[in-house]
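K.L.:
3D, please:
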Amino acid sequence: MKLPEYDDFKYLLNTRKSIGVKSLFASVPVHGKLYDYCGFSKEDRNEYYKKINKMIISYGFEILDLSQYEYGEYYAFSMGRMVVF
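P.N.:
Got it, this is the predicted structure:
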């Protein structure tokens with residue numbers, strides 16, 4: 001999956017690392033039932049979560065991975081899936 005947004009995210013990670021900002025990224029899950037209904041497979045979503053996590057870890061940052069809660073009642077968000085603290 002090659003999307004320009006991944007390059008944008010790498011730029012963000014590189015910039016934060018180069019100026020020495022300590023960061024904790026929270027990978028907030030999408031709404032699993034809605035994405036299932038729309039035809040976005042669980043496997044594709046898992047690939048996305050793994051790719052994002054790998055990118056964050058490769059730059060030395062920490063991640064709070066909440067992707068396992070896609071079907072949780074109070075965890076799902078459709079927009080703004082990545083939160084930076």
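K.L.:
hey, let's count contacts and neighbours off CA atoms from now on
P.N.:
Noted.
K.L.:
show me where the chain has helices.
P.N.:
4-18, 32-37, 42-58 (DSSP state H).
K.L.:
Low-confidence ranges, the protein, go.
P.N.:
Residues of the chain meeting the criterion pLDDT under 70: 1, 75-85.
K.L.:
mind checking how far the residue of the chain most remote from its centre is from residue 61?
P.N.:
For the chain, the largest distance from the centre (CA atoms, centre = their mean) belongs to residue 19, which lies 22.0 Å off. Distance of residue 19 to residue 61, given as CA to CA, to the nearest Å: 13 Å.
K.L.:
Same check on residue 34?
P.N.:
For residue 34, the distance to residue 61 - CA to CA - is 30 Å.
K.L.:
got it, and residue 54?
P.N.:
10 Å.
K.L.:
centroid residue for this structure?
P.N.:
The chain, centroid-nearest residue using CA atoms, centre = their mean: residue 27 at 4.2 Å.
K.L.:
Run a quick check on residue 63 versus residue 57, I expect a contact.
P.N.:
Yes - counting by CA atoms under 8 Å, residue 63 does reach residue 57; the two are 7.4 Å apart.
K.L.:
quick one on the thing from earlier: partners of the residue nearest to the centre of the chain in the sheet?
P.N.:
residue 65, residue 82 (DSSP bridges).
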